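Participant: Any chance you can model this:
(2 chains)
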Amino acid sequence: DAKTTQPTSMDCAEGRAANLPCNHSTISGNEYVYWYRQIHSQGPQYIIHGLKNNETNEMASLIITEDRKSSTLILPHATLRDTAVYYCIVARGGSNYKLTFGKGTLLTVNP
Amino acid sequence: DAGVIQSPRHEVTEMGQEVTLRCKPISGHDYLFWYRQTMMRGLELLIYFNNNVPIDDSGMPEDRFSAKMPNASFSTLKIQPSEPRDSAVYFCASSLGFSGDPEAFFGQGTRLTVV
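Facilitator: Residues are numbered from 1 along each chain as shown, chains lettered A, B, ... in the order given. You can find the predicted model right below:
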């Protein structure tokens, strides 16, 4: 599975957009990009996933570069409750579906 | 559905004792994952099952750890004998995988303390 690289931590002002980057330069054609987050002491929570097109849901937007070597998770209007560790994961489809978490990015939303 | 249910939520045991952690996945999910989380090592994938069959157990730290999934609605992770370095939060997760929505749902975790 492809490795991912994320900044260790980021800050964001409440109400502003939070843009979390992820590098996955060794991603292969059948691997998807997933984003999860973990709020302190809770189990990780799914946010969004994509293959090559940009995706949007009620929580966030996912922008994947054309060469698929990097992506950005966008929280359009960050709130204090969005303070969490955000994980970018690359995983294959099909029967080899396997979610391996890295260190993630600690996003702190400040009032 | 009540989500992924793990029990117990907290477990304190003495070194050398057997510990069994339990997980009930979401009904209909094909995949079940066991993770361990510590401050030092982060969130580690221990083992995962597809249709009750272990697919990859390369993350299981040593022979003291074993996991079973006797049916689609139940899985256990056993540590025998337990050691203080096994102290961690253990998460179970389930998913439809790519047969449906690949979102994985996590339980609340079991906080294990071995003294």
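
Participant: all contacts plus neighbour counts: C-alpha atoms, from now on.
Facilitator: Noted.

Participant: which residue ranges form the strands in chain A?
Facilitator: Defined through DSSP state E, the strands belonging to chain A, from first to last, are A:9-13, A:18-23, A:31-38, A:45-50, A:55-56, A:61-64, A:70-75, A:84-92, A:105-110.

Participant: Pick the most deeply packed of these.
Facilitator: Each of the strands of chain A was scored by mean neighbour count; the highest is strand A:84-92, a mean of 24, by mean count of other C-alpha atoms under 10 Å in any protein chain shown.

Participant: With just CA atoms, put stretch A:26-35 into PDB.
Facilitator: The C-alpha atoms that make up stretch A:26-35 are tabulated as PDB, following Å, rounded to 0.1, in the frame of the first residue of the first chain:
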ATOM      1  CA  THR A  26       3.500   6.300  -4.700                       C
ATOM      2  CA  ILE A  27      -0.200   5.800  -5.100                       C
ATOM      3  CA  SER A  28      -1.200   3.200  -7.600                       C
ATOM      4  CA  GLY A  29      -4.100   3.100 -10.000                       C
ATOM      5  CA  ASN A  30      -6.400   1.000  -8.000                       C
ATOM      6  CA  GLU A  31      -5.900   2.800  -4.700                       C
ATOM      7  CA  TYR A  32      -8.300   5.200  -3.100                       C
ATOM      8  CA  VAL A  33      -7.700   8.100  -0.900                       C
ATOM      9  CA  TYR A  34      -9.600   8.100   2.400                       C
ATOM     10  CA  TRP A  35      -9.800  10.600   5.200                       C
END
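
Participant: gap between the residue nearest the centre of chain B and A:I89?
Facilitator: With distances taken as C-alpha atoms, centre = their mean, B:W34 lies nearest the centre of chain B, 3.1 Å away. Per C-alpha to C-alpha, to the nearest Å, B:W34 is found 17 Å from A:I89.

Participant: OK, contacts around the residue most central in space within chain A?
Facilitator: Per C-alpha atoms, centre = their mean, the C-alpha nearest to the average position across chain A is that of A:W35, at 3.4 Å. Counting by C-alpha atoms under 8 Å, 6 or more residues apart in numbering or on different chains, A:W35 makes contact with A:Y46, A:I47, A:I48, A:H49, A:L73, A:Y86, A:Y87, A:C88, A:I89.

Participant: now with 7 Å?
Facilitator: For A:W35, the contacting residues are A:Y46, A:I47, A:I48, A:H49, A:Y87, A:C88, A:I89, by C-alpha atoms under 7 Å, 6 or more residues apart in numbering or on different chains.

Participant: ok so, going back, is the residue nearest to the centre of chain B in contact with B:Y48, as I believe?
Facilitator: Yes. In this structure, B:W34 sits in contact with B:Y48. The criterion is C-alpha atoms under 7 Å, and the distance is 6.2 Å.

Participant: low pLDDT regions in the chain?
Facilitator: I went with chain A, as the question did not name one. Low-confidence segments of chain A, defined by pLDDT under 70: A:1-2, A:93-97.

Participant: Hmm, no, I was thinking of chain B.
Facilitator: Low-confidence regions of chain B, defined by pLDDT under 70, span residues B:1, B:98-101.

Participant: hmm, try it at 50
Facilitator: Counting by pLDDT under 50, chain B contains no low-confidence segment.

Participant: So which bits of it are right by chain A?
Facilitator: B:42-45, B:91, B:97-98, B:103-109 (C-alpha under 7 Å from any C-alpha of the partner chain).

Participant: ok, A:N53 to chain B distance?
Facilitator: Distance of A:N53 to chain B, given as C-alpha to the nearest C-alpha, to the nearest Å: 17 Å.

Participant: All good on my end, thank you.
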